[in-house]
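A.B. asks: just a sequence and a predicted model for now, questions to come.
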Amino acid sequence: MAKEEYAIGLDLGGTKILAGLVDRTGRLIARKQLPTYAEEGEKAVIERVLSATHDVLSTSGINSEEVCGVGIASAGVINSDSGEVIFASNLGWRNVPIGTLIGQKFGLPARLFNDANAAAVAEWLWGAGVGTRNMIYVTVSTGVGAGIVSDGRLVSGRDGSAGEFGHISIDWNGPPCRCGNRGCLENYASGTAIENAARQKLASTKKSGTNRILVEKGELSAKEISEAALAGDPFFAQIVKQAGFYLGIGAANLIYMFNPEVIVFGGGVMNASGLMLPEIEKSMRDRSISGLANEVRVVTSQIGVEAGVMGAAGGVFESNF
């Protein structure tokens, strides 16, 4: 293939670093995953990012001269123009010029994307949004975020931080959020919110059945709660469905603002989509003008855990992103 047919995608998260070499058709040619170990500090994390990038090039047999650029997907507040992570709480980073560092190391153009925006690009190019011009990707994991494609272009905002969907306020008098606002959607519908809701309910509820076992084992992660809910535990199913209800309220706001054709839900919490998606859709349609909401498809991600890597590479390929 010609040089312009390959790009490197990097997904930089609080728990894992995922690197991949992607071609223009969306084929993931090689991948490498490493733990982030953010607690070891910025320098150690950057070294692992560079190591993972070098590994995918070595594994694929493709020289860096054959690659058109590197796309980096990161959570947190970013400046896409300068390639700088301004603040990322999951990494403990402030003002880290990760794009510049990677670009200089490999002699390639480097572009920095918000992780939800990158995943939106992947779904639009190769996943659940193929064939649309107006699509929203919502990621539900530790936090909540969104990537918005409007009229075939990524809505990135002034510096690449558009789509902070988790911090829209759905209750002006709600609990304080780490962002400084009150009543943010993320406080009601994220993996963290599910964990907090379970702990609060368990503190005042008779602990029997599955929930008693989880308490004894100390496993109150969103993953364990979702697995128990999917296995039929009504206590945890109610908590998971409640998160879906709140996501539907947020999705109604997205419909009014962006008039999408499809809303794609992804992220680890959506592993319980069998319980959550019907609640999301019902809540969303109950709160939307039927003429708008009835034309919107609500689906789950087709790309999955590699959406950040794929989308970061896709953003290098697509000049309008």
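C.D. replies: Nice, thanks for sending it over.
A.B. asks: may I ask which helix or strand of this structure has the lowest mean pLDDT?
C.D. replies: Least confident helix or strand, the chain: helix 209-217 with a mean of 58, by mean pLDDT, DSSP states H and E.
A.B. asks: on contacts alone, who are the packing partners of the next helix or strand after that helix?
C.D. replies: Toward the C-terminal end, the helix or strand that comes next after helix 209-217 (DSSP states H and E) is helix 222-230. Packing partners of helix 222-230 (3 or more CB pairs under 8 Å, 6 or more residues apart in numbering; DSSP states H and E): helix 191-203, helix 209-217, helix 234-258, helix 273-286. Quick note: C-beta positions are derived from backbone N, CA and C, even for glycine.
A.B. asks: so, low pLDDT: which residues of the stretch 1-150 of the chain?
C.D. replies: 1-4 (pLDDT under 70).
A.B. asks: just the residues contacting stretch 110-117, thanks.
C.D. replies: Around stretch 110-117, the neighbours that count as contacts under CB atoms under 8 Å, 6 or more residues apart in numbering are 11-13, 69-75, 78-80, 83-85, 98-100, 102-103, 121, 137-139, 145-147, 154, 156, 160-163, 165, 308, 311-312, 315-316.
A.B. asks: among the residues you listed, name the ones in helices.
C.D. replies: I98, G99, T100, I102, G103, V121, G308, G311, A312, G315, V316 (DSSP state H).
A.B. asks: now restrict these to buried residues only.
C.D. replies: For those, a neighbour count by 16 or more other CB atoms under 10 Å gives the buried set as I98, G99, I102, G103, V121, G308, G311, A312, G315, V316.
A.B. asks: for the fifth one, what are its contacts?
C.D. replies: Going by CB under 8 Å, 6+ apart, V121 touches F113, G147, V149, L154, M310, G311, A312, G314, G315, E318, F321.
A.B. asks: cool, the third one as well?
C.D. replies: Listed by CB under 8 Å, 6+ apart, the contact partners of I102 are L10, V49, L50, T53, V70, I72, L108, A110.
A.B. asks: domains of the protein?
C.D. replies: Domain segmentation of the chain under automatic domain parsing yields 3-122+306-317, 131-301.
A.B. asks: what's the most buried one of the ones you listed?
C.D. replies: domain 3-122+306-317 (a mean of 21; mean count of other CB atoms under 10 Å).
A.B. asks: related to what we said a few turns ago, among the helices and strands packed on helix 222-230, which comes closest to V296?
C.D. replies: The closest of the helices and strands packed on helix 222-230 to V296 is helix 234-258. By CB to CB, the value is 5.9 Å.
A.B. asks: same question for that closest one, mean pLDDT?
C.D. replies: Helix 234-258 comes out with an average pLDDT of 95.
A.B. asks: give me the distance from that helix to the chain's centre.
C.D. replies: 17 Å (CA atoms, centre = their mean, to the nearest Å).
A.B. asks: got the angle for the following helix or strand past it vs helix 307-317?
C.D. replies: Counting by DSSP H and E, the next helix or strand C-terminal to helix 234-258 is strand 262-266. Going by axes from the mean of the first three to the mean of the last three CA atoms, to 10 degrees, strand 262-266 is angled at 130 degrees with respect to helix 307-317.
A.B. asks: starting at the chain centroid, how far to strand 262-266?
C.D. replies: Using CA atoms, centre = their mean, the offset of strand 262-266 from its chain centre is 11 Å.
A.B. asks: pull out the CA atoms of it and give them to me as CSV.
C.D. replies: C-alpha atoms of strand 262-266 as CSV (Å, rounded to 0.1, in the frame of the first residue of the first chain):
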residue,chain,number,x,y,z
VAL,A,262,-28.7,7.7,15.1
ILE,A,263,-27.4,7.7,18.7
VAL,A,264,-24.8,5.0,19.4
PHE,A,265,-24.1,3.9,23.0
GLY,A,266,-20.8,2.4,23.9
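A.B. asks: pLDDT averaged over that strand, what's the number?
C.D. replies: On average, strand 262-266 scores 96.
A.B. asks: strands paired with that strand, and their directions?
C.D. replies: Paired strands of strand 262-266, with direction, are strand 135-140 (parallel), strand 297-300 (parallel) (DSSP bridges).
A.B. asks: and the contacts of the first one?
C.D. replies: Counting by CB under 8 Å, 6+ apart, the neighbours of strand 135-140 from elsewhere in the structure are 115-116, 119-120, 123-124, 128-129, 144-149, 165, 189-191, 243, 247, 250-251, 254, 258, 260-270, 301, 307.
A.B. asks: alright, calling it a day.
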